[in-house]
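Colleague: A structural model of the following input is requested.
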Amino acid sequence: MTAIDFQAQAEALGDQLIARRRDLHQHPELAFEEFRTAGIVAEALNKLGLEVQTGIGKTGVIAILEGAHDGPTVLVRADMDALPIHEQNDFVYGSTVPGKMHACGHDGHVTIALGVAQLLTEQRASIAGRVKFVFQPAEEVGRGARAMIDDGALLDPRPDVSVGLHLWNSMPYGMIGIADGATMAGASVFTVKITGKGSHAALPHQGADPVICAAQIIGAFQTIISRNLDPLDTLVISVTTVKAGDAYNVIPQEAEMCGTVRAFSVKTRDFTFERMRVIAEQYAAALGCQAELSFEHLTIPVVNDNAVAARLREHFVALDDVTALDLSARTMGSEDVSYFMDDIPGAYFFVGARDETQDTYYGHHHPRFSFDERALTLGTALLASAVAAYVLPEA
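Modeller: Numbers count the residues shown, from 1 in each chain. Down below sits the predicted model:
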């Protein structure tokens, strides 16, 4: 373990961390629009004397902290974008931009990563290796990581290991979720377009009803989970929109439905879409319609490297405010940090941040989302400790 007390150092930054997070919260920016946020990040990193690159993946920022000694390169990733949600909290630091809100904690992630950069810069003379800070845009639309990778984010220098965190407000403060293997699902979106034959609603026999067809397909999709998939595997298929027709007395010509598929493995995902295609086409044919399935893979599963996760856990238990490690923490939610981790062994962990002052629980992406700001200092200590596990000499 490193002898440095990162928790005490992070707590000394407490007021600064809260102020920065609240400023970012007041000025949310959507995917690929994070110009103000990126400017704040670049300015803070430049003041630390780091080598800074901007405009990576349009609005991403990369900074290199070069240690005084040879060693590995550790990638630290933080996402920057907000969501198209109108905030319903009455915080004094609430969003000042109508229809936009940091409802997932990315304002906290940016704050924590900048805090880690500050703490580790103070240890530059002892660092064996280097730290590559990656501030990523457009996580919420699943495109920011790939945009940065396309612009060379994993090159010059190429990381040897990657670490990152997510503030998780369904967990109590002090609990850290760090499981082996797949921890977040890959997410894909799909559209099924059904073409039938329109008719008068009083004369359904003269047409081919795409609405009935859509209803049958929706139900049949769920049989993939219950009858085609290994019961020990995990899959979620959600049809979230169905659109058809404009009049109460007309059977429409077309129907369209959209949704998401979430799975912990690419193999399961690909199997699922092949079954969906067969089901959609054959159910449609049986009902005198035609169906066309299209899809896009937004993210792949987030998969922790077991050796990296084990190493981080050894360091996390040394922090006083860590009350428990949840080794089974997994979610069907997705994160495009997976594209960095697909190429670089790493670990992505959850930091408990439930806001006990709220009158009830409001989850991620809710207009009243909130988190316990104590998690800013603990998250900073945890992430600094994670990096230190690889680049600072052990006591």
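Colleague: which residues touch stretch 50-60?
Modeller: Outside stretch 50-60, the residues that touch it by Cβ atoms under 8 Å, 6 or more residues apart in numbering are 32-35, 37-38, 42, 45-46, 61-66, 80, 117, 121, 133-138, 144-153. Glycine gets a C-beta too; all of them are placed from N, C-alpha and C.
Colleague: The residues you listed in helices, which ones?
Modeller: 35, 37-38, 42, 45-46, 117, 121, 144-150 (DSSP state H).
Colleague: out of these, who's nearest Arg277?
Modeller: Arg146 (24.6 Å; Cβ to Cβ).
Colleague: one step back: and the ones in helices among the contacts of stretch 50-60, which of them are buried?
Modeller: Using 16 or more other Cβ atoms under 10 Å as the burial test, those include Thr37, Ala38, Ala42, Leu45, Ala117, Thr121, Gly144, Ala145, Arg146, Ala147, Met148, Ile149 as buried.
Colleague: Now these in CSV, please, with extra columns for pLDDT and distance to Phe349.
Modeller: CSV is the format used below for these (pLDDT from 0 to 100; distance: Cβ to Cβ, whole Å):
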residue, pLDDT, distance to Phe349
Thr37, 98, 23
Ala38, 98, 25
Ala42, 98, 26
Leu45, 98, 23
Ala117, 98, 19
Thr121, 98, 23
Gly144, 98, 20
Ala145, 98, 17
Arg146, 98, 22
Ala147, 98, 24
Met148, 98, 21
Ile149, 98, 22
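Colleague: farthest pair in those?
Modeller: The two members of those with the most space between them (Cβ to Cβ) are Thr121 and Arg146, at 29.0 Å.
Colleague: Tell me how the protein divides into domains.
Modeller: For the chain, the structural domains run 6-183+301-391, 186-297, going by automatic domain parsing.
Colleague: Buried ones in whichever strand or helix holds Ala388, by neighbour count?
Modeller: Using DSSP states H and E, Ala388 sits in helix 374-391. For helix 374-391, the neighbour count (16+ other Cβ under 10 Å) marks 374-391 as buried.
Colleague: Distance-wise, check Arg269 relative to Ile225.
Modeller: Applying Cβ to Cβ, to the nearest Å, the value for Arg269 to Ile225 is 13 Å.
Colleague: So the two - more neighbours on which side?
Modeller: Set side by side, Arg269 and Ile225 show more neighbours around Arg269, with 22 against 15, by other Cβ atoms under 10 Å.
Colleague: Which of the three states applies to the more buried one?
Modeller: helix (DSSP: H, G, I helix; E, B strand; the rest coil).
Colleague: Contact partners for it?
Modeller: So Arg269 contacts Gly186, Ser188, Val261, Ala263, His297 (Cβ under 8 Å, 6+ apart).
Colleague: Widest-spaced pair of these?
Modeller: Every pair of the contacts of Arg269 checked by Cβ to Cβ; the farthest is Ala263 and His297, at 10.5 Å.
Colleague: quick one: common contacting residues for these two?
Modeller: Joint contacts of Ala263 and His297 (Cβ under 8 Å, 6+ apart) are Gly186, Arg269.
Colleague: more neighbours, the two?
Modeller: The neighbour count for Ala263 versus His297, taken as other Cβ under 10 Å, is higher for Ala263 (27 against 16).
Colleague: Hmm, Thr272 and that one touching each other?
Modeller: Yes - using Cβ atoms under 8 Å, Ala263 is in contact with Thr272, at 6.5 Å.
Colleague: just to revisit the earlier point, I'd like the buried ones among the ones in helices among the contacts of stretch 50-60 as a markdown table, with distance to Met276 appended.
Modeller: Output for these, formatted as a markdown table (distance: Cβ to Cβ, whole Å):
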| residue | distance to Met276 |
| --- | --- |
| Thr37 | 38 |
| Ala38 | 38 |
| Ala42 | 43 |
| Leu45 | 45 |
| Ala117 | 44 |
| Thr121 | 50 |
| Gly144 | 27 |
| Ala145 | 26 |
| Arg146 | 24 |
| Ala147 | 28 |
| Met148 | 31 |
| Ile149 | 28 |
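Colleague: Which of those sits closest to Leu287?
Modeller: Nearest member of those to Leu287, counting by Cβ to Cβ, is Arg146, at 38.4 Å.
Colleague: right, and that closest one touches Val337 too?
Modeller: No - the pair Arg146 and Val337 fails to qualify as a contact (Cβ under 8 Å) at a distance of 11.3 Å.
Colleague: so Thr241, which of the three states?
Modeller: Quick answer, by three-state DSSP: Thr241 is strand.
Colleague: That one and Ala220: what is the separation?
Modeller: Applying Cβ to Cβ, the value for Thr241 to Ala220 is 18 Å.
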